[in-house]
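# Quick one, what's the 3D model for this:
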Amino acid sequence: MFGSLIHHYGLSKINVLGKAAAHKVMLMAVTCFNLKKYLKTFKRKLTNGAAMETMGH
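Okay, the predicted model is just below:
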């Protein structure tokens, strides 16, 4: 996942000072990455569930 963040989100350079600030930036990036993945999965499940309901009726 770290490699994905660096490659796709441009986090090869973090423009903050200090370890604590860099840690906060990485936590926010990872949270956003996971939320995006979750929403994509949730949307897919929702779409598949609606399709199944339509076919069942």
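# shaky segments in this protein?
Low-confidence segments of the chain, defined by pLDDT under 70: 1-2, 46, 48-57.
# ranges for the strands of it?
In the chain, no strands are defined using DSSP state E.
# Find the nearest non-adjacent residue to the most centrally placed residue in the chain, please.
Against the mean C-alpha coordinate of the chain, by Cα atoms, centre = their mean, the closest residue is Phe33 at 2.1 Å. Once flanking residues are discounted, Phe33 sits nearest to Leu5: 6.2 Å by Cβ to Cβ, 6 or more residues apart in numbering. Quick note: C-beta positions are derived from backbone N, CA and C, even for glycine.
# now do Ala29
Closest residue in space to Ala29, ignoring its immediate chain neighbours: Leu5 at 5.3 Å, by Cβ to Cβ, 6+ apart.
# re earlier: measure the residue nearest to Phe33 to Lys45 for me?
Distance, Leu5 to Lys45, using Cβ to Cβ, to the nearest Å: 25 Å.
# for Gly18, same thing?
Distance, Gly18 to Lys45, using Cβ to Cβ: 40 Å.
# One more: Lys19?
The spacing between Lys19 and Lys45, counted by Cβ to Cβ, is 38 Å.
# For Leu11, give its distance to Lys43.
25 Å.
# Tell me which of the two has more neighbours.
Regarding Leu11 and Lys43, a neighbour count based on other Cβ atoms under 10 Å identifies Leu11 as having more, with 16 against 10.
# excluding its backbone neighbours, what's nearest that one?
Nearest to Leu11 is Leu5, by Cβ to Cβ, 6+ apart, at 5.0 Å.
# so that neighbour touches Cys32, yeah?
No: in this structure Leu5 lies outside contact range of Cys32 using Cβ atoms under 8 Å: 9.4 Å.
# okay, the two: which has more neighbours?
Counting neighbours by other Cβ under 10 Å for Leu5 and for Cys32 shows that Leu5 has the greater number, 16 against 12.
# For stretch 11-27, list every residue counted as buried.
With burial defined by 16 or more other Cβ atoms under 10 Å, the residues of stretch 11-27 counted as buried are Leu11.
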